[in-house]
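*Asks:* Sequence plus the predicted model coming up.
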2 protein chains.
Amino acid sequence: MAVYTEVEPGELRRFLAAYDLGELVALVGIREGVENTNFRLETTLGRFILTIYEKRVDPADLPFFLGLMLHLAEHGLPCPLPVRGRDGAMLRRLAGKPAAIVSFLEGKSVRRIEPVHCAAVGGALASLHLAGRGFPLRRPNALGPEGWRRLLEATGARADEVAPGLAQELAAELETLERRWPGGLPAGVIHADLFPDNVFFEGERVSGLIDFYFACDDLLAYDLAICLNAWCFESDGAFNVTKARALLVGYEARRALLPEEIEALPILARGAALRFLATRLYDWLNRVPGALVKPKDPLEYLAKLRFHRSVGGPAAYGLG
Amino acid sequence: MAVYTEVEPGELRRFLAAYDLGELVALVGIREGVENTNFRLETTLGRFILTIYEKRVDPADLPFFLGLMLHLAEHGLPCPLPVRGRDGAMLRRLAGKPAAIVSFLEGKSVRRIEPVHCAAVGGALASLHLAGRGFPLRRPNALGPEGWRRLLEATGARADEVAPGLAQELAAELETLERRWPGGLPAGVIHADLFPDNVFFEGERVSGLIDFYFACDDLLAYDLAICLNAWCFESDGAFNVTKARALLVGYEARRALLPEEIEALPILARGAALRFLATRLYDWLNRVPGALVKPKDPLEYLAKLRFHRSVGGPAAYGLG
């Protein structure tokens, strides 16, 4: 669970007075999500999500995140629509922290992932990339190759506490990725964290894409590589090529990949695996005893990284 | 039914290519609605409403209507969100006519109106009035007192074909309304057509407000008077004061009425009844034999007009 910030009733009332959302019916903390504090907000006008931004989010990035959600929602993407207050602002303060209200989306994240879900996610990701093209703001990816280096330098030799030899393996991997990281591929707005938790379904249809707080500008195919990692491995660690194929075919139904993007998939997938391995490793080594959020296992992504390193080419993902 | 315009598959494909909504799954004509042609549009990205604007809508008004929906949706109101194309535009052409895509809203209009629905509609209407305050565009009400005069002059003595003596009764009523129409009451954006067809519910909660194609600037309390006419009479013509009280109390829970607004309710309700009587009378007398849309009975609103003329004061609506 992750409700880091409690809200006093009087303060909540004053906060809501800045909006035209009617009267408060209920405010319930949401357990999902580890970055921010989310509440399900019900007013006489409807259901909303109230988010209080915790210290992991840089307040300077919030106009990018909220502006992007607004832009994508206005282009038909099923993502949260930020709610403006009477003054027109989408962002204000609650409990001394930045806070925003966004629309509530129907649907549920899927527990048992089938290829049909992967196909739908691929299509939704392509639509996100297409709809993001006209968005005017820019945000470099803080968790690209330079960010990986910073994270791995911060963990250093302590990586071996998690698995013997890990520090050296990751240093070598980083060196390879920096050398072979593709340049010149199509770039634009990417979600950068489109895990199953962040996609809602109604049946087999995607009804919601949430959590845009890692969104940034980067290679579009890198976003797809993140999804290959997040959606196409079984819980026993096996790579499911049927799911990967469904993801890529679903994506290509809306946006055709260039030959260079397809060729780069294995190296992009290695980079994506290293990105999540690096942040999980950092969180694991810097966990606070007794903290509410249990850190995620970094070794899951070591296994994924090794898989992508082992593949002979993009055909391993079911293409061609 | 009201599908006035057929769309060729090739033309629809070219139209949808201006958006990032994925591939077409289905396009189904919607029978409800008499002003425009509406389709339920399903794409791989979700469900939408495609509207083709027919000749009753002045294309010059469309930026007001679409801009207002966007403004209200961004302020948390459950109203359709216009979808922007790749070029950012919300409005383009299809089948030689103006057309737009808006988001699909869940819920159903209510068949059997209970006081709890009236209270919810009152609250939603107040929220609309509050959220509309920051909207920068203006549109005079073409169906205010001047519009009634134009309509009644166009029908003239032929009103008596519908009911003997009607022409004279309406002329006298119009003269009274013009003389006693209140000035100086709070004004702003009003929906001006919030009939039960245009409100969706999920249970007892309003989940959607649609059809903003009569929206304009006018007295806020006049919008409430339209709802008194549309929501608070039984099918046998009896006025249901319990529903009226629920509507007004629901409204006042979000926006308190001034004493002058309450005092003006009977005259505003007479004006609202005359407005719908005048348009129905015009449509009835100018109906095209064999037309698909059956004109609505003007005499329903004559009975409502006479009721409001008979009341002693605002207490008749359940207040104070």
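*Replies:* Now that the structure is in, tell me what you want to look at.
*Asks:* so what's A:Arg309 up against?
*Replies:* By CB atoms under 8 Å, 6 or more residues apart in numbering or on different chains, the contact list for A:Arg309 reads A:Glu173, A:Arg270. Where you see a C-beta, it was placed from the backbone N, CA and C, and this is true even at glycine.
*Asks:* SS state for it?
*Replies:* helix (DSSP: H, G, I helix; E, B strand; the rest coil).
*Asks:* List the buried residues in the host helix or strand of A:Arg150.
*Replies:* A:Arg150 is part of helix A:145-155, with elements assigned from DSSP states H and E. When burial is assessed from 16 or more other CB atoms under 10 Å in any protein chain shown, helix A:145-155 yields the following buried residues: A:Trp148, A:Arg149, A:Leu151, A:Leu152, A:Thr155.
*Asks:* Give me the helices and strands touching it, please.
*Replies:* helix A:166-180, helix A:259-285 (3 or more CB pairs under 8 Å, 6 or more residues apart in numbering or on different chains; DSSP states H and E).
*Asks:* Of all the ones you listed, which one comes closest to chain B?
*Replies:* Judged by CB to the nearest CB, the one of the helices and strands packed on helix A:145-155 that comes nearest to chain B is helix A:259-285, at 18.6 Å.
*Asks:* which of the buried residues of helix A:145-155 lies closest to A:His75?
*Replies:* Proximity to A:His75 was ranked across these by CB to CB; first place goes to A:Trp148, at 31.4 Å.
*Asks:* That closest one and A:Ala278 touch, don't they?
*Replies:* Yes. If you go by CB atoms under 8 Å, A:Trp148 and A:Ala278 touch, sitting 5.0 Å apart.
*Asks:* shared neighbours, those two?
*Replies:* Contacts common to A:Trp148 and A:Ala278, judged by CB under 8 Å, 6+ apart, are absent.
*Asks:* Pull the number of nearby residues for whatever residue of the stretch 151-300 of chain A ends up closest to chain B.
*Replies:* Of the residues in the stretch 151-300 of chain A, the one nearest chain B is A:Arg254, at a distance of 5.7 Å by CB to the nearest CB. Using other CB atoms under 10 Å in any protein chain shown, A:Arg254 has 21 neighbouring residues.
*Asks:* if you skip the residues just before and after it, what's nearest to it?
*Replies:* Taking CB to CB, 6 or more residues apart in numbering or on different chains, and ignoring the residues beside it in sequence, A:Arg254 has A:Ala126 as its nearest neighbour in space, at 3.6 Å.
*Asks:* before we move on, the earlier item: what pLDDT, on average, does the helix holding A:Arg150 get?
*Replies:* Over the span of helix A:145-155, the pLDDT mean works out to 94.
*Asks:* what does that helix contact?
*Replies:* Outside of helix A:145-155, the residues within contact range by CB under 8 Å, 6+ apart are A:141, A:159, A:167, A:170-171, A:174, A:177-178, A:181, A:271, A:274-275, A:278-279, A:281-282, A:285.
*Asks:* again with stretch A:295-307
*Replies:* With CB under 8 Å, 6+ apart, stretch A:295-307 has contacts from A:162-163, A:166, A:169, A:173, A:229, A:233, A:237, A:239, A:270, A:273-274, A:276-277, A:280-281, A:283-284, A:287.
*Asks:* got it, and stretch A:226-240?
*Replies:* The list of residues contacting stretch A:226-240 from outside it, by CB under 8 Å, 6+ apart, reads A:113, A:115, A:117-118, A:121-122, A:125, A:192-196, A:241, A:243-244, A:247, A:265, A:269, A:272-273, A:275-276, A:300-301, A:303-304, A:307, A:316-317.
*Asks:* Selecting buried members of these in ChimeraX, what would you type?
*Replies:* Under the burial definition 16+ other CB under 10 Å, those of those that qualify are selected in ChimeraX by:
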select /A:113,115,117,118,121,122,125,192,193,194,195,196,243,244,247,265,269,272,273,275,276,300,301,304,307,316,317
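*Asks:* Where helices are concerned, which of the contacts of stretch A:226-240 count?
*Replies:* Secondary-structure check on the contacts of stretch A:226-240 using DSSP state H: residues within helices are A:115, A:117-118, A:121-122, A:125, A:241, A:243-244, A:247, A:265, A:269, A:272-273, A:275-276, A:300-301, A:303-304, A:307.
*Asks:* Just the buried residues of stretch A:79-93, please?
*Replies:* So stretch A:79-93, judged by 16+ other CB under 10 Å, has buried residues A:Cys79, A:Pro80, A:Leu81, A:Pro82, A:Val83, A:Arg84, A:Gly85, A:Met90, A:Leu91.
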